[in-house]
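Chemist: Okay, here's the prediction I keep looking at, along with the sequence it came from:
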Amino acid sequence: MFIDWGGTLALTKDNRTVIDAAGHPVLMPNVVATLARERPRFDVCFIVSNQARIAKGEIDAAEVLRRFAWANEQLGRPFTAWRLCPHGDEDGCGCRKPRPGMLLELAGLHDVNLAASTHVGDSAKDRDAARLAGIATFIWARDFFNWV
């Protein structure tokens, strides 16, 4: 299973992860319970995230990776690995969703059958990356996490 970060796992505002008073990301509703219930159905689980703010110099990759690692600990270590794309749309890289580079890289490293995989996300870029990678199932985050 592949899961987007911003707007899917973590609350965002103005394309920035919302941080609580302790300096940690605010997780979206039902993330803890849903992952606890659904994660055992999948051999592996990955975070895949566009992070254009890195290219703009607004945040560094190490901080984003720290946030992913913190969420992994808080959620009971459901994630096998994670990838981020530090580029902007104008860079034309292969890793920025909707291009499938991050998904294909993780699938290759972890011997994932993409045709039997699921991607959960909140944007058309997530949906299109799943399709381009050959992922069989895309689920909108609102449906997966049962947001009302």
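Modeler: Perfect, I can see it now.
Chemist: Stretch 30-49: which residues count as buried?
Modeler: Within stretch 30-49, the residues that count as buried by 16 or more other C-beta atoms under 10 Å are 31, 34-35, 38-39, 42, 44-49. Every residue, glycine included, has its C-beta placed from N, CA and C.
Chemist: quick one: contacts of the biggest helix by length in the chain?
Modeler: Longest helix of the chain, by residue count under DSSP state H: helix 61-74. Applying C-beta atoms under 8 Å, 6 or more residues apart in numbering, the set of residues contacting helix 61-74 from outside is 5, 9-10, 17, 24-25, 27, 32, 47, 49, 51, 54, 78-79, 82, 84, 86.
Chemist: Helices along this structure, start to end?
Modeler: Ranges of helices in the chain, per DSSP H, are 31-38, 52-55, 61-74, 101-109, 124-133, 141-144.
Chemist: Which pLDDT value goes with V148?
Modeler: pLDDT for V148: 78.
Chemist: confidence score at R83?
Modeler: For R83, pLDDT reads 97.
Chemist: ok, now which ones touch it?
Modeler: So R83 contacts 46-49, 95, 102, 105-106 (C-beta under 8 Å, 6+ apart).
Chemist: now do V48
Modeler: 2-5, 82-84, 97, 102-103, 106, 119, 129.
Chemist: Identify the residue spatially nearest to it, adjacent ones excluded.
Modeler: M102 (4.6 Å; C-beta to C-beta, 6 or more residues apart in numbering).
Chemist: So that neighbour is in contact with C93, correct?
Modeler: No. Contact criterion C-beta atoms under 8 Å: M102 and C93 do not qualify, at 10.0 Å.
Chemist: shared neighbours, these two?
Modeler: C85.
Chemist: Next one: I139 relative to S117, how far apart?
Modeler: Separation of I139 from S117 (C-beta to C-beta, to the nearest Å): 11 Å.
Chemist: More neighbours: those two, which one.
Modeler: Using other C-beta atoms under 10 Å, the more surrounded residue of I139 and S117 is S117, with 22 against 18.
Chemist: distance of that one from Q74?
Modeler: S117 sits 24 Å away from Q74, going by C-beta to C-beta.
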